[in-house]
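[1] Provided below are the primary sequence and the corresponding predicted coordinates.
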Amino acid sequence: MSEEIDRQWTTRLRRKAAGKLPPEKLLPDTQSSYVASWIYVFGVATLAALGVVIGTGCILALRGPQWWHGSSYGHFVNSLHLWSVEVFMFAMVIHLWGKFAMAAWRGGRTLTWMTGVVLFLASVATSFTGYAIQSNFDSQWITTQAKDGINATGAGAYFNVLNFGQMMMWHIVLMPLVLVLLTGMHVLLVRMKGVVPPFEDDPTPTPDVARVTE
Amino acid sequence: MSRKSFRPDVDAPEWRGGYTPYDIIKEGTIALVVVATLVLILAVVFGSPDEKAITLKAWSNADPVDFATTAFSELNGTSTTATYGAPYNHGGPSQQIGPLQLEKWVGVRIPLNTAKDFVLDPLRALPNEPVLDADLVRYEKASSTTRASWLDAYAKATTTMKYRHGTVVVNATKAGPVPVMINELTTMARSGALDQDLVAGNDFYTTDYTESLLFLSDGQYLANVATEQHLAGNQWGMMNETGNYPGQAWLWLYAFWYQVAPFNSSGNGDALVWGTMMVLSLILLFVPFIPGLRSIPRKLRIYRLIWREHYRDSGRA
């Protein structure tokens, strides 16, 4: 009986998951003392902004794609959605370059870096599909200009930016699914591997360190 | 791992230092509240743009000559869409990057015949138009040589085209039925019927605006409005949006290439820009594996600012 349970896929998966990500790693109550910089704010800010993007997007989805053109409340929700995207992308870019400056792929964190870069690129694509489905002059101009670039890659034959319905499905179903799954994977990798430690101190300390040492 | 094999840009030292209290739930909650408040303030103060979409009706009423000229270019196969190539038709050369002709290889997947889809079919849909119907039959039954001579005669007259008293006026007496067809299509567009015909096609329900948008973008009117709104390609194009809004600022590098040679002068400009962006994206993705590039952070030493407290404390220790 016990051996049979040990061989079960469910048992194996649970044990593996618990081994890789025990509760104290998943929901930690301490962190390494080097995690003390303003740059770390932008990771959690990106996550928070993503939450606001999804929340405001859901309100827009409740009333349909044309609602916001004829309702002042709808227009306000659209403004919230727009600015949450702007904050999301801003925070993400700062987070990305901050992680680059830390060489955050070190110590077995390559996959964390790569999921982050793919997340950035997927976010750009998701934002673009959002601009494409505004159903106003901006979306007319943006899509008719963007089609040439996308067609040049051959992708335009299957990803037709002039097809409102197709872009709508990409924006509210496919891309959010990709973003949420990738974000989940990225955050779990951060929790599993931890925040990358500082470079080992080099033999040429900065004046600041030298002053302290003196 | 032994010290000997330690690679500073690949490996990380094991942390043996101290730990500080960390409330991840509280941090997340505070971040959400701060970001939501910031977004609320930005939305209240700046709002969001919503410039009304341009319909074919609005275009043909605002600039009927531009509309009629564009409609004729769709009929004689000289418009941007008619000469585009894949994925719409075989009307023009596809873009390529060196030997890579991705556009051509994928082929015509969204087939469009601008004369048929943008001009002849919509005109056929007009009810109770016996003169037009007769002219359409005459046009379709004419030999290709006769049709070409009509189109050529009309093309020469387009430079002096005018719109007076609800009619497209051209001095093209040898253009056969073409003047009637273009005038009727302009009248149809000004009534709003062409918008509906191009969008709805043969179906009641539809969400595909491909034909309307391609027709609209073949004219000058859309581009003129976009230029007034600082949205033209040489004004950093689609990364902007109407009004003083940040738009898709994250596309700055993509938009940048369109401002410089050879991208802004090559017939393969779009393919070259996309090829360049794909290569740069792959480099960013694979930075951890690229010697030299992965050393940049260590050599830049910006990390000394980020972890300045750590280095200060370790120096003190």
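    Good, I have the coordinates.

[2] for A:Q31, give me phi and psi.
    A:Q31 has phi and psi values of phi -140, psi 160 when expressed as degrees, to the nearest 10.

[3] how close does it get to chain B?
    In this view, A:Q31 and chain B are 4 Å apart by Cβ to the nearest Cβ, to the nearest Å. Where you see a C-beta, it was placed from the backbone N, CA and C, and this is true even at glycine.

[4] now that residue. Nearest residue, chain neighbours left out?
    With sequence-adjacent residues excluded and distances taken as Cβ to Cβ, 6 or more residues apart in numbering or on different chains, A:Q31 is closest to B:Y22, at 3.9 Å.

[5] who's in contact with the one you found?
    Taking Cβ atoms under 8 Å, 6 or more residues apart in numbering or on different chains as the definition of contact, the neighbours of B:Y22 are A:P28, A:D29, A:T30, A:Q31, A:V35.

[6] ok, B:A172 next?
    Listed by Cβ under 8 Å, 6+ apart, the contact partners of B:A172 are B:A153, B:Y154, B:K156, B:A157, B:V178, B:P179.

[7] now for the closest residue to it other than its chain neighbours: which residues touch it?
    Counting by Cβ to Cβ, 6+ apart, B:A172 lies nearest to B:A157, which is 3.8 Å off, once chain neighbours are set aside. Residues in contact with B:A157 (Cβ under 8 Å, 6+ apart) are B:V170, B:N171, B:A172, B:A175.

[8] and the host helix or strand of B:L185, what does it pack against?
    Taking DSSP states H and E as the definition, B:L185 sits inside helix B:178-191. The criterion is 3 or more Cβ pairs under 8 Å, 6 or more residues apart in numbering or on different chains; DSSP states H and E, and the helices and strands that helix B:178-191 contacts are helix B:56-62, helix B:64-75, helix B:121-124, helix B:130-141, helix B:144-157, strand B:167-169, helix B:193-200.

[9] pipe these into a markdown table and attach mean pLDDT per row.
    Formatted as a markdown table, those follow (pLDDT from 0 to 100):
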| stretch | mean pLDDT |
| --- | --- |
| helix B:56-62 | 97 |
| helix B:64-75 | 97 |
| helix B:121-124 | 95 |
| helix B:130-141 | 95 |
| helix B:144-157 | 96 |
| strand B:167-169 | 95 |
| helix B:193-200 | 91 |
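
[10] go through the ones you listed and pick out the most buried.
    Most buried of the helices and strands packed on helix B:178-191, by mean neighbour count (mean count of other Cβ atoms under 10 Å in any protein chain shown): helix B:64-75, with a mean of 24.

[11] and chain A, is that helix touching that?
    No - using Cβ under 8 Å from any Cβ of the partner chain, no contact is recorded between helix B:64-75 and chain A, whose separation bottoms out at 13.5 Å.

[12] residues contacting that helix, please?
    Outside helix B:64-75, the residues that touch it by Cβ under 8 Å, 6+ apart are B:56, B:59-60, B:79, B:81-82, B:114-115, B:118-120, B:151, B:154-155, B:158, B:161-163, B:168, B:178, B:181-183, B:185-186, B:189-190, B:215, B:218-221.

[13] just stretch A:17-35 next, same as before
    When contacts are defined by Cβ under 8 Å, 6+ apart, stretch A:17-35 is touched by residues A:188, A:191-192, A:194-195, A:197-198, B:15, B:17-25, B:307, B:309-310, B:313.

[14] just the buried members of those?
    Neighbour-count burial (16 or more other Cβ atoms under 10 Å in any protein chain shown) applied to the contacts of stretch A:17-35 gives A:L188, A:R191, A:M192, A:G194, A:V195, A:P197, A:P198, B:W15, B:W307, B:H310, B:D313.

[15] need the contact partners of the helix or strand encompassing the first one.
    Read it as A:L188. When elements are assigned from DSSP H and E, A:L188 belongs to helix A:175-193. If you take Cβ under 8 Å, 6+ apart as the criterion, helix A:175-193 is touched by A:20-21, A:25-26, A:28, A:43, A:47, A:50, A:54, A:57, A:107-109, A:111-112, A:115-116, A:118-119, A:122-123, A:125-126, A:129.

[16] if we go to 6 Å?
    Residues outside helix A:175-193 that contact it (Cβ atoms under 6 Å, 6 or more residues apart in numbering or on different chains): A:K20, A:L21, A:K25, A:L26, A:R109, A:L111, A:T112, A:T115, A:G116, A:L119, A:A122, A:T126.

[17] top of those by neighbour count?
    For those, neighbours were counted using other Cβ atoms under 10 Å in any protein chain shown, and A:G116 has the most, 26 neighbours in all.

[18] that one: what's it in contact with?
    With contact set as Cβ under 6 Å, 6+ apart, A:G116 has these partners: A:H186.

[19] quick one: it is in a strand?
    No - note on A:G116: no strand contains this position according to DSSP: H, G, I helix; E, B strand; the rest coil, which reports helix.

[20] find me the pLDDT at it, would you?
    At A:G116, the model reports a pLDDT of 98.

[21] ok, for B:E140, nearest residue in space, not its chain neighbours?
    Nearest to B:E140 is B:L120, by Cβ to Cβ, 6+ apart, at 7.6 Å.

[22] actually A:A132, sorry about that
    Using Cβ to Cβ, 6+ apart and skipping the chain neighbours, the partner closest in space to A:A132 is A:M167 (4.5 Å).

[23] that neighbour contacts A:S135, doesn't it?
    No - A:M167 is beyond contact range of A:S135, at 10.2 Å (criterion: Cβ atoms under 6 Å).

[24] more neighbours: which of these two?
    Set side by side, A:M167 and A:S135 show unequal neighbour counts under other Cβ under 10 Å, the larger going to A:M167 at 24 against 18.
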